[in-house]
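Engineer: Please work out how this folds:
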Amino acid sequence: MGTPIVEGWFSVGPEPALIGSRCTACASTYFPPVSEEGGFCRNPSCSSDSFEQVELSRFGVVWSYTDAQYQPPAPYVAADPYVPFALAAVTLPEGLVVLGQVAHGFGVADIHVGSEVELVVEPMDGADADKLVWRWRPVEGGAAA
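Structural biologist: Next up, the predicted model:
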């Protein structure tokens, strides 16, 4: 198995999870996580700079989606030849919306606003196939629109 494309943003265990930060003062939750080198709470009502690492829910609901029929510009690393893919903006129970590609084998015909998806980890397309990325996979029998 490969290594995460961005260290510290998600785990790759048997049940992968996105890793976020929660402010210890106001409980606001963020993804990507706040830098360990220092950061501040993005909640305008809070001035804390103290955070704890939290695993975010593996399941969410599609808020919006689209397909990428064109090859994105650098720094995106595309497969050669380019293969179109779907993107989903997913609302997590923590109140965050996280964007990610839809899992291999699925596209815009397999999801809709309100459908349930789960986080999976797959090899990155293209030259960096030894790197892992998070993606959203439709849940069979998930929430209806």
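
Engineer: From residue 91, how far out is the nearest residue to residue 136 once chain neighbours are set aside?
Structural biologist: Distances taken as Cβ to Cβ, 6 or more residues apart in numbering place residue 117 nearest to residue 136, at 4.1 Å, with adjacent residues excluded. Every C-beta, even on glycine, is put in place using the N, C-alpha and C of the backbone. Separation of residue 117 from residue 91 (Cβ to Cβ, to the nearest Å): 10 Å.

Engineer: In terms of neighbours, single out the busier of those two.
Structural biologist: Taking neighbours as other Cβ atoms under 10 Å, residue 117 and residue 91 compare with residue 117 leading, 26 against 16.

Engineer: give the contact list for that one.
Structural biologist: 59-62, 88, 90, 102, 111, 136-139, 142 (Cβ atoms under 8 Å, 6 or more residues apart in numbering).

Engineer: Am I right that the residue nearest to residue 136 is in a strand?
Structural biologist: Yes: checked against DSSP: H, G, I helix; E, B strand; the rest coil, residue 117 lies within a strand.
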